[in-house]
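**Q** Pasting the sequence and the predicted coordinates here, then a few questions.
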Amino acid sequence: MKHLFALLGLLWFAAAASAQTRIDTTGGRYYKPIFANVTRTQDITYGSSIDYLGGQQALRLDVYQPTGDTVRRRPLLIFAHGGGFISGNKTDQDVTELCTRFARLGYVTASIDYRLLFLPFDTTNISIASFRGVQDMRAAIRFFRMKAATTVATAADNYRIHPDYIYVGGSSAGAFMALQTAYLNKASEVPSTINLANLGGLEGTGGNPTYSSAVRGVINLSGALGRPTWIEAGDVPFVSMHGTNDPIVPYGAGRVGGGLPPQRIYGSAVLNTRAIAVGVQNPFYTFKRAGHVPFSGTSATAVAYMDTTFRFVRDFLRPLLRQTGTVTAAQRANTQAVLQAYPVPAATVVRLTWSSNTAFRARPVELLDAMGRVVRRFRWEQPELLIPRETLRAGTYLVRPEGLAAQRIIFE
């Protein structure tokens, strides 16, 4: 009887893991505005952290959900506003418009506030402000994963998001944050002018530290990165849209900010070249002769740009949710080809080995329990990785290497 229950448990987990890889896109969902109305829930506290003056700041967001929707697990889009890390908020016109439009398709969307301002006003401190924003976006991701894993009384309390389908995006400064959330993921990549320890590490101290902040893709609207090399083979896909005449955030490479030291950044055109070179999917739309965030505003021209932005991002996202041959399917097939975990089940240690037929690349790894909570983080530096049980309870876990689908292991 004990073996029967164990078998049933394994079958349940396998079914659950399989279900987690699929989003139902039938009936025009995630493509057509099948919901006439959207419900916005405002000023939800997703965490708190230290602001630039040393005080504790509550971090809040607004959630947009399709009114009357009954789907149990839905993909989530988290957007961040622009404003140069000085101004702006979660009710800015462009991000609220994006949140509303995508919620009508069936997504759950969120617009976040994050820590602003910095002193003195120079490029060193704007880098620190940008990194604080990244920490806050990661805190928002962890907040939603915590909600998805928590049994609550009403659907409104957990937002019914699918924890495996979280995407981040933003406009201008918000796009900087989204790109860094996905690709600035090693302590060694953080510029030396940022004291990582003082700021709380890569994840920050915004709350829910046991949950993952990994994302499935990025929406880059007029953003840039400090280094194009942060984008590496196996990273998640991103979509970019940028005006060729952008005077604020360079379309190619350029310098931003005032004061010293000067800061060179790399806009969407350079990031697209890098993505192509390392095999990362990056559909790229060029707004010819357009300036900064041309889709922001209510003029006829801005609305036309927003229409184009919405359609291009929509067409990037929808294939990633389910269709055959998407990144999801490719990652799973790739994982099966290059990774092997044994023994399964194991008593004390699991060996994760990389195929000798495929070039190995070091990467961060997360170990998650059956509820999706991160129970351990480590770095995979050699083709063979030992995962000791140590204090882990008996049960099923997921090993999730960055850029690859999760691998199931069991400790008995």
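**A** Yep, it's here.

**Q** and Ile126, helix, strand or coil?
**A** Under DSSP: H, G, I helix; E, B strand; the rest coil, the three-state class of Ile126 is helix.

**Q** show me the contacts for it.
**A** By C-beta atoms under 8 Å, 6 or more residues apart in numbering, Ile126 lies in contact with Gly84, Phe85, Phe118, Val256, Gly257, Gln263. (Glycine included, C-beta is placed from N, CA and C.)

**Q** Lowest pLDDT pick from the residues you listed?
**A** Among the contacts of Ile126, Gly257 has the lowest pLDDT, at 68.

**Q** May I see the buried residues of stretch 27-43?
**A** For stretch 27-43, a neighbour-count test (16 or more other C-beta atoms under 10 Å) marks Arg29, Tyr30, Phe35, Val38, Arg40 as buried.

**Q** Confirm for me that the second one is in contact with Gly106.
**A** Okay, so that is Tyr30. Yes. With contact defined as C-beta atoms under 8 Å, Tyr30 reaches Gly106; the gap is 5.4 Å.

**Q** Dihedrals phi and psi, Glu97?
**A** Taking degrees, to the nearest 10, you get phi -70, psi -40 for the backbone angles of Glu97.

**Q** Quick check: which element contains the closest residue to it other than its chain neighbours?
**A** Using C-beta to C-beta, 6 or more residues apart in numbering and skipping residues adjacent in sequence, the residue nearest Glu97 is Met306, 6.1 Å away. Element membership for Met306, per DSSP states H and E: helix 300-321.

**Q** secondary structure class for the residue most central in space within the chain?
**A** Ranked by distance to the mean C-alpha position of the chain (C-alpha atoms, centre = their mean), the top residue is Val215 at 2.8 Å. Look at Val215: counting by three-state DSSP, its state is coil.

**Q** just Glu390 next, same as before
**A** At Glu390 the chain is in coil, as set by three-state DSSP.

**Q** ok so, going back, and the residue nearest to Glu97, how many neighbours?
**A** Neighbour count for Met306, taken as other C-beta atoms under 10 Å: 20.

**Q** Same check on Ile231?
**A** Per other C-beta under 10 Å, the neighbour tally for Ile231 reads 24.

**Q** Look up how far Glu390 lies from it.
**A** 34 Å (C-beta to C-beta, to the nearest Å).

**Q** where does this protein dip in pLDDT?
**A** Along the chain, segments meeting pLDDT under 70 span 1-22, 151-156, 257-261, 322-338, 355-357, 370-372, 405.

**Q** if we go to 50?
**A** Scanning the chain for pLDDT under 50 picks out the ranges 1-20, 153, 323-337.

**Q** Okay, helices next: where are they in it?
**A** With DSSP state H as the criterion, the chain has helices at 2-19, 93-105, 123-149, 155-158, 173-183, 196-199, 268-278, 300-321, 327-338.

**Q** Could you check those and tell me which one is nearest Gly395?
**A** In terms of C-beta to C-beta, the element of those nearest to Gly395 is helix 2-19, at 8.8 Å.
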